[in-house]
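Undergrad: Got a predicted structure plus its sequence, pasted below:
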Amino acid sequence: MSGTPVPAAHETVAVGTANSDAADDPEIWADPRDPNRAVIFGTDKKAGLYAYGLDGQVRAFLPEGPLNNVDLRDSFMVGGKAQVLIAASHRSRGGALLFLMDPDTLDVRTWGLVPVPVSEPYGLCMARRGDDVIVIVVGKDGDVRQVRVRDEDGEPVGVEEQSFAVGSQSEGCVVDDETGALYVGEEMKGVWRYSLDPAAGGARSLLEAAPGPRLTPDVEGLTLLRDSGQAFLIASSQGDNAFAVWRVAGEAADYQGRFSVAAAGDVDAVSGTDGVAALGGPVGPYAEGLIVVQDDADTEGASSEVRRERQNFKLVDWRAVKSALEINLTAP
């Protein structure tokens, strides 16, 4: 393994599409009232959106076609009720397909499409800015559009705020809601930092170049985790089956190390990683945070070389990552 080994804690049931690169991007929600009530969302980019429990079993499947990346924000008001708003890039319908989850019942339903004119909806991330909820869609060619979403008489409406070009094929993105920093992964070039503020006019700085000692193309999923008031950016380094971690604050990015997800028990190791999601704080049995990653070569077990036909998602305890990389939360 190229990164420091960290054991897999659990895994999900595989997506339904066989013999094809299908599982792609996950996202995590935990009920702030009771973090044992948590849902993992995962896209099957040939078929639709899965909702999994922390036990890895399928809670729901919405067969909405080729969805690539997924993100969410809670406390989104629709018809006077707070909902969890889930967005996924729809590769054939040309925009962000929105879903709503009732936080009381955990029922998920399709809400509607917000058209976003990019080359091909590929990457997607969300942000909260005050009362506004933002959806950012990254086109496959690196064209990016930022849209503010609202409820209008029970229907989703999107208002474009800014657009810019990354330069070449891009996918992963994530927003730090507290600072307004927007991170975008250009697959063959590295990780860029932009601003959620349209007044910035697409200005950017390079956080980490690829290829390099920390990122081996393709640069794929990006996610952000908060722990004890500090933010950690995690990027998938697909070319060498690893994840790079930085502590980020404003323009500063303090590199923490790289990890790879190792086999443990009946769960196999992660390879060819694509999407990654993280959530800090208690998430069921994961007392300080949970990381979920895509695995493109699921096998029958930790020691088996027999590949299953389908891909799935692996769960990793954030405490194990902190221990392996010796991350010190008291460090400046």
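TA: Perfect, thanks for sending it.
Undergrad: Show me the beta-bridge partners of the most centrally placed residue in the chain.
TA: Centroid check for the chain by C-alpha atoms, centre = their mean gives Ala277 as the closest residue, at 4.0 Å. Ala277 forms beta bridges with Val292, as assigned by DSSP bridges.
Undergrad: show me what contacts it?
TA: Neighbour list for Ala277: 25-28, 40, 221, 223, 291-293 [criterion: C-beta atoms under 8 Å, 6 or more residues apart in numbering]. In short, each C-beta sits where N, CA and C put it, glycine included.
Undergrad: hey, where'd the strands end up in the stretch 1-150 of the chain?
TA: Here the stretch 1-150 of the chain has its strands, by DSSP state E, counting those that start in this stretch, at 4-7, 10-11, 23-31, 34-44, 48-52, 58-62, 67-78, 81-90, 95-101, 108-115, 121-129, 132-139, 143-152.
Undergrad: what distance separates the second one from the centre of its chain?
TA: Right, strand 10-11. The chain centre lies 17 Å from the centre of strand 10-11; the measure is C-alpha atoms, centre = their mean, to the nearest Å.
Undergrad: Sheet-wise, list the partners of that strand with their directions.
TA: Short version: by DSSP bridges, strand 10-11 pairs with strand 312-317 (antiparallel).
Undergrad: Low-confidence ranges, the stretch 101-250 of the chain, go.
TA: For the stretch 101-250 of the chain, no stretch is flagged by pLDDT under 70.
Undergrad: Looking at the strands of the stretch 1-150 of the chain, which is nearest to Trp318?
TA: strand 4-7 (9.7 Å; C-beta to C-beta).
Undergrad: quick one: contacts for the residue nearest to Tyr255 when sequence neighbours are not counted?
TA: Once flanking residues are discounted, Tyr255 sits nearest to Trp246: 5.4 Å by C-beta to C-beta, 6 or more residues apart in numbering. For Trp246, the contact set (C-beta under 8 Å, 6+ apart) comprises 207-208, 232-233, 253-256.
Undergrad: Next, count neighbours for Leu100.
TA: For Leu100, the count of nearby residues is 20 (other C-beta atoms under 10 Å).
Undergrad: same check, this time on Thr4
TA: By other C-beta under 10 Å, the burial measure for Thr4, its neighbour count, is 17.
Undergrad: Run through the bridge partners of it.
TA: Phe259.
Undergrad: hang on, it packs against Phe259?
TA: Yes. If you go by C-beta atoms under 8 Å, Thr4 and Phe259 touch, sitting 4.9 Å apart.
Undergrad: Check the contact lists of these two and give me the overlap.
TA: With C-beta under 8 Å, 6+ apart, Thr4 and Phe259 have common neighbours 324-325.
Undergrad: Could you list which residues are in contact with Pro117?
TA: 94, 145.
Undergrad: 7 Å - rerun?
TA: Gly94 (C-beta atoms under 7 Å, 6 or more residues apart in numbering).
Undergrad: next one: phi and psi at it?
TA: Note on Pro117: backbone dihedrals following degrees, to the nearest 10 are phi -80, psi 90.
Undergrad: what comes into contact with the helix or strand containing Glu161?
TA: Element membership for Glu161 (DSSP states H and E) is strand 155-165. With contacts defined as C-beta under 7 Å, 6+ apart, strand 155-165 is touched by 98, 111-112, 114, 142-150, 198, 202.
Undergrad: Strand partners (parallel or antiparallel) of that strand?
TA: Partners of strand 155-165 in the sheet, by DSSP bridges, are strand 143-152 (antiparallel).
Undergrad: still on that earlier bit, show me which of the contacts of Trp246 is closest to Cys125.
TA: Closest approach to Cys125 among the contacts of Trp246 (C-beta to C-beta): Leu233, at 12.3 Å.
Undergrad: Surely the closest one is within a strand?
TA: Yes. Applying DSSP: H, G, I helix; E, B strand; the rest coil, one finds Leu233 inside a strand.
Undergrad: got the contact list for it?
TA: Counting by C-beta under 7 Å, 6+ apart, Leu233 has contacts 183, 222, 224, 246, 248.
Undergrad: Make JSON lines from the strands of the stretch 1-150 of the chain and add distance to Gln311 to it.
TA: Shown next, in JSON lines, are these (distance: least, C-beta to C-beta, whole Å):
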{"stretch": "strand 4-7", "distance to Gln311": "20"}
{"stretch": "strand 10-11", "distance to Gln311": "11"}
{"stretch": "strand 23-31", "distance to Gln311": "4"}
{"stretch": "strand 34-44", "distance to Gln311": "9"}
{"stretch": "strand 48-52", "distance to Gln311": "11"}
{"stretch": "strand 58-62", "distance to Gln311": "14"}
{"stretch": "strand 67-78", "distance to Gln311": "14"}
{"stretch": "strand 81-90", "distance to Gln311": "17"}
{"stretch": "strand 95-101", "distance to Gln311": "21"}
{"stretch": "strand 108-115", "distance to Gln311": "21"}
{"stretch": "strand 121-129", "distance to Gln311": "18"}
{"stretch": "strand 132-139", "distance to Gln311": "21"}
{"stretch": "strand 143-152", "distance to Gln311": "27"}
